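*Asks:* I'll drop the sequence and a predicted model, then ask my questions.
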Amino acid sequence: MLQINFIKQNADLVKERLAVKHFGQIGLVDELLQMDEELRKQRLASENLQASVNSASKEICALMAKGEKEAAEEKKAAVTAWKEEQSGIKISLQALEDDFTAKILQLPNLPHTSVPRGKTPEDNEVVLEGGSIPTLFADAKPHWEIIKDYDLVDFETGAKLAGSGFALFKGKGAKLQRALIQYFLDYNTAAGYTEYAPPLMVNEATAYGTGQLPDKEGQMYHVTEDKLYLIPTAEVPVTNVYANSIIRESDLPIKMTAYSSCFRREAGSFGSDVRGLNRLHQFEKVEVIQLVKASHSYQTLEEMVNHVERLLQFLELPYRILRLCGGDMSFTSALTYDFEVFSAAQQKWLEVSSVSNFETFQTNRMKIRYKNEEGKTELVHSLNGSSLALPRIIAALLENNQSENGIHVPKALQRYFGAALIER
RNA sequence: GGAGACGUGUCCGAGUGGUUGAAGGAGCACGCCUGGAAAGUGUGUAUAUGGGAAACUGUAUCGCGAGUUCGAAUCUCGCCGUCUCCGCCA
């Protein structure tokens, strides 16, 4: 959520930045400023009346102590009149506040100045490419066939148990996934991230904190009976760990990592995009999250990008890094780098990580602050990234590393997987 | 799921209708004391938001929300959480 004071002081900048995100209702900015004026007026009126009530109450107390009952009764009548006047103001103030909140929540985060101006995924900027795209042998297959040949994942049974889009990992497939999770977590904790194992369901307030609510509830599984949401990413519970708190400056930066299952309804997704492991309702992911001082956040973003990049290098996968354009970025992000790996048999780039700086957009909602040198409390910046999303990594590994005698396991992973080759 | 107890500041803990943003203690910060430290001692020590150059000051906050009252940490209702006992259970 943007801060109204910032909007007030930078209205033109806000409008210009929103345009980069192709936000359709830039008129909202002026509307919010007007509403804020009115809100202030009404709040002041209400508070002034309250001040009168409060001081009169104290006087009543003093009068009662002196035994001046009549004078006290007179005061009471005056207070009652003020309160009546105030209750009228409060009703319209409440309506105005609700309206204001609903509207300011519609404003997406402002994109960083480095964000490309484009609108569609084609406008994303390729920052760099790494690794080498393998030359596959003639019989090379897409991962959904490899999976069958090697009996690694059983989609039919997954569909029988839950529905389409739910995978049943099996045997070496299950072990490969487990090995990757273990490897990613070890890699992250070695870099100073503290490991968390969060709840996989969260309440409304938590989903609101990271920006899933309101508006995006359709993307989450909702357990209505208990008012809980299945997490679409560990970002949601883990970033909220520090919700409503003031962090000691010496504790910053806070670096957290978590492995979790992620649940996404993916309503409306279809076509070749959802083949095999490309898009699932439930998938496994290891996430890294940082809470840092505002002055450090872009440096931290670069750090996190490097962190994820090295992991892909260890996995020996061909990858590229994209700087997302304004139109393709998420609502909450100020700058996002996507990581894609090339899945050779599909001849397709698959997104396996998305590393973003949210600046204060999430922390303003969650009220995550720290005390700066001057003793003033300031919102921290939140960042997160995947390191990494499992199914697509597995898809790319299977496709890129296939050979006539089996699937090569990257060196870094061998001690976790326990073998150098996945054989039939 | 049933019964009961509880939820106060960084922490412990007082407070059951009236100048209580909240006693007391611990912790922490700064100072005094000391050769240095401990002990002792003095002062300070919540957050948000409005006004003000500042000093200062209005408002809100004692789990959350609503209500009663001139006035609520204190009374009432709802919700959330913690603990104990019972039930169930990996």
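*Replies:* Done, it's in. Numbers count the residues shown, from 1 in each chain, chains lettered A, B, ... in the order given.
*Asks:* pLDDT weak spots in the stretch 301-424 of chain A?
*Replies:* Counting by pLDDT under 70, the stretch 301-424 of chain A shows low-confidence ranges at A:374-375.
*Asks:* Stretch A:307-324: end-to-end distance?
*Replies:* 19 Å (C-alpha to C-alpha, to the nearest Å).
*Asks:* which parts of it are buried?
*Replies:* Going by neighbour count (16 or more other C-beta atoms under 10 Å), the buried part of stretch A:307-324 is A:307-309, A:311-312, A:315-324. C-beta here means a position set from N, CA and C on the backbone, and glycine is covered the same way.
*Asks:* Now go through those and say which are in helices.
*Replies:* Taking DSSP state H as the definition of helices, those contribute A:307, A:308, A:309, A:311, A:312.
*Asks:* Tabulate those residues in CSV, adding columns for distance to residue A:189.
*Replies:* Formatted as CSV, those follow (distance: C-beta to C-beta, whole Å):
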residue, distance to residue A:189
A:307, 12
A:308, 15
A:309, 18
A:311, 13
A:312, 18
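*Asks:* Not including adjacent chain positions, what is the nearest residue to the residue of the stretch 251-400 of chain A found nearest RNA strand B?
*Replies:* Closest contact between the stretch 251-400 of chain A and RNA strand B, by C-beta to the nearest atom of the strand, is at residue A:377 (3.0 Å). Nearest residue to residue A:377 in three dimensions, chain neighbours excluded: residue A:369, at 4.5 Å (C-beta to C-beta, 6 or more residues apart in numbering).
*Asks:* and the gap between that neighbour and residue A:208?
*Replies:* Computed as C-beta to C-beta, to the nearest Å, the residue A:369 to residue A:208 distance reads 17 Å.
*Asks:* Neighbours of residue A:71, how many?
*Replies:* For residue A:71, the count of nearby residues is 15 (other C-beta atoms under 10 Å).
*Asks:* which residues does it contact?
*Replies:* Residues near residue A:71 by C-beta atoms under 8 Å, 6 or more residues apart in numbering: residue A:63.
*Asks:* what's across from the residue lying closest to residue A:147 once chain neighbours are set aside in the sheet?
*Replies:* Nearest non-adjacent residue to residue A:147, counting by C-beta to C-beta, 6+ apart: residue A:153, 4.5 Å away. Legend: beta-bridge partners of residue A:153 under DSSP bridges are residue A:169.
*Asks:* coming back round to it: so which of the ones in helices among the buried residues of stretch A:307-324 reach RNA strand B?
*Replies:* The subset of those within reach of RNA strand B, counting by C-beta under 7 Å from any atom of the strand, is empty.
*Asks:* sorry, back to before: now for the residue nearest to residue A:147: which residues touch it?
*Replies:* Counted by C-beta under 8 Å, 6+ apart, residue A:153 has contacts A:147, A:167, A:168, A:169, A:170, A:173, A:277.
*Asks:* Noted, bye for now.
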